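Asks: What follows is a predicted protein model with its sequence.
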Amino acid sequence: MSRAKSLQLRRHMLVVECALQRSTLTAQTRQLGLSTGWIKSGDGLLDRLKNLPSWVSVAIAAAVIFIPGRAARLARSGLMLWQFWRNIKSGHDTKPEV
């Protein structure tokens with residue numbers, strides 16, 4: 001087999017391998033997008049709730065009226081989660097010293 005034919009065959013094999021890797025990566029990326037889609041929607045929900053605090057107030061008032069015991073437990077849990085999130089975010093926002 002001549003050198004040109006050998007190189008042509010090698011190139012063809014590499015092109016096929018690249019196409020296979022590209023399709024595998026596309027499938028994995030799609031799966032990752034489906035797995036993390038709820039995170040993006042959750043971030044959007046929090047942003048919308050920040051802009052509409054009256055809805056949050058109504059929801060809290062309804063919870064306190066209809067289920068006071070569970071509302072108190074949820075409030076405690078929510079406060080702990082909020083403090084935890086604040087601590088994580090403040091640690092993440094600090095810039096490392098150079």
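Replies: It's in. Numbers count the residues shown, from 1 in each chain.

Asks: So which elements touch the helix-or-strand element of the chain with minimal mean pLDDT?
Replies: Of the helices and strands making up the chain, the lowest-confidence element is helix 53-66, at a mean of 80, by mean pLDDT, DSSP states H and E. On a contact count with 3 or more C-beta pairs under 8 Å, 6 or more residues apart in numbering; DSSP states H and E, helix 53-66 meets helix 68-93. Glycine gets a C-beta too; all of them are placed from N, C-alpha and C.

Asks: What helices and strands are in contact with the host helix or strand of L34?
Replies: Using DSSP states H and E, L34 sits in helix 3-51. With contacts defined as 3+ C-beta pairs under 8 Å, 6+ apart, helix 3-51 has no helix or strand neighbours.

Asks: Go ahead and measure how far that helix is from the middle of the chain.
Replies: On the basis of C-alpha atoms, centre = their mean, to the nearest Å, helix 3-51 sits 16 Å off its chain's mean C-alpha point.

Asks: relative to helix 53-66, how tilted is that helix?
Replies: 70 degrees (axes from the mean of the first three to the mean of the last three C-alpha atoms, to 10 degrees).

Asks: average pLDDT across helix 3-51?
Replies: Taken as a whole, helix 3-51 has a mean pLDDT of 82.

Asks: Mind listing residues that contact the least confident helix or strand of the chain?
Replies: L49, R70, A71, L74 (C-beta atoms under 8 Å, 6 or more residues apart in numbering).

Asks: what number of residues lie near the last one?
Replies: This means L74. Per other C-beta atoms under 10 Å, the neighbour tally for L74 reads 14.

Asks: which residues does it contact?
Replies: A63.

Asks: Then the third one?
Replies: A71 makes contact with I60, A63, V64 under the criterion C-beta under 8 Å, 6+ apart.
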